[in-house]
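Student: Need the 3D shape of this:
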Amino acid sequence: MSIALILLAAGKGTRMESDRPKVLHPLAQAPLLWHALRAGQTLDPAACVVVAGHGAEAVSAATLDYAPEAQVVIQAEQLGTAHAVAQARDALKDFDGDALVLYGDTPFISEATLQAMIAARAAQDVVVLGFEAADPGRYGRLVTRGDDLLEIVEYKDATEAQRGITLCNSGVLIAASETLFALIEAVGNDNASGEYYLTDVVALARARGLSAGVVRCDEAETLGINSRAELR
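Tutor: Residues are numbered from 1 along each chain as shown. Below you'll find the predicted structure:
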């Protein structure tokens with residue numbers, strides 16, 4: 001099955017306290033964006049779409065410097081992760097394969113983990129990357145029953161019992177492109193943040209009789225960069 005990458009890179013990153021787009025801050029002398037692209041390119045993807053927003057011109061230039069074959073699309077308003085992924089629909093309208101959602105500020109996910117997600121997709125319609133958190137904090141929680149993923153609950157919307165779950169959501173997921181965009185069409189914003197959450201696609205998939213599962217990785221692979229201090 002061919003793979004398309006959808007890499008989300010639209011956020012401003014307010015906690016970076018910088019006018020520079022978050023994904024363009026350097027780590028090991030290369031922008032965070034390049035590290036995320038490199039992780040995805042280990043899969044030899046058939047297509048790569050980067051969703052830019054804040055500082056779109058600079059993000060686009062950096063994307064094409066590293067991956068000239070990539071397409072850059074614009075999320076003019078930041079209305080949530082599902083809305084961001086939806087911006088890639090037209091770029092992938094002729095693509096028939098799986099879509100893998102990655103993040104421009106999460107540079108440490110390994111090729112082995114991504115390959116494990118691809119392998120899991122043979123048995124599940126939607127596969128989410130999760131991790132056992134030492135301190136779950138405000139991460140979204142993965143609600144499971146055995147090997148099945150039932151739903152992802154954002155911390156703001158979670159019950160006290162759900163907040164006690166330590167299996168957390170990395171945000172990374174894979175599904176057939178057609179399935180992913182069909183599910184995103186049904187995502188609403190009736191939640192504490194008023195945003196369109198990509199995480200809602202799991203419950204929507206199960207409501208349609210589709211399956212969902214989890215691949216687990218070490219928490220260190222999922223670490224994102226949220227401040228300039230974390231780049232050191």
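Student: C-alpha only now, for contacts and for neighbours.
Tutor: Noted.
Student: which ones are touching the residue nearest to Gly140 when sequence neighbours are not counted?
Tutor: Nearest residue to Gly140, sequence neighbours excluded (CA to CA, 6 or more residues apart in numbering): Glu154, at 4.2 Å. Residues counted as contacts of Glu154 (CA atoms under 8 Å, 6 or more residues apart in numbering) are 138-141, 199.
Student: try 10 Å
Tutor: Residues touching Glu154, when contacts are defined by CA atoms under 10 Å, 6 or more residues apart in numbering, comprise 138-142, 162-163, 168-169, 191-193, 197, 199-200.
Student: Highest neighbour count among these?
Tutor: Within the contacts of Glu154, neighbour counts (other CA atoms under 10 Å) peak at Leu142, which reaches 29 neighbours.
Student: what does the host helix or strand of that residue contact?
Tutor: Using DSSP states H and E, Leu142 sits in strand 141-145. Taking contacts as CA under 10 Å, 6+ apart, the residues outside strand 141-145 that touch it are 128-132, 149-155, 158, 162-170, 199, 202, 212-214.
Student: Would you mind checking the residues you listed for buried ones?
Tutor: Neighbour counting over the contacts of strand 141-145 (16 or more other CA atoms under 10 Å) leaves 128-132, 149-155, 162-163, 165-170, 199, 202, 212-214 as the buried ones.
Student: can you give me the helices for the protein?
Tutor: For the chain, the helices identified by DSSP state H occupy 32-41, 56-66, 81-86, 111-120, 160-163, 177-185, 201-207, in order along the chain.
Student: out of the ones you listed, nearest to Arg20?
Tutor: The minimum distance between Arg20 and the helices of the chain falls on helix 56-66, with 8.8 Å, by CA to CA.
Student: Just list what that closest one packs against, helices and strands only.
Tutor: Taking 3 or more CA pairs under 10 Å, 6 or more residues apart in numbering; DSSP states H and E as the contact definition, the neighbouring helices and strands of helix 56-66 are strand 3-9, strand 30-31, helix 32-41, strand 47-52, strand 71-74.
Student: Distance from the chain centre to it, please.
Tutor: The chain centre lies 19 Å from the centre of helix 56-66; the measure is CA atoms, centre = their mean, to the nearest Å.
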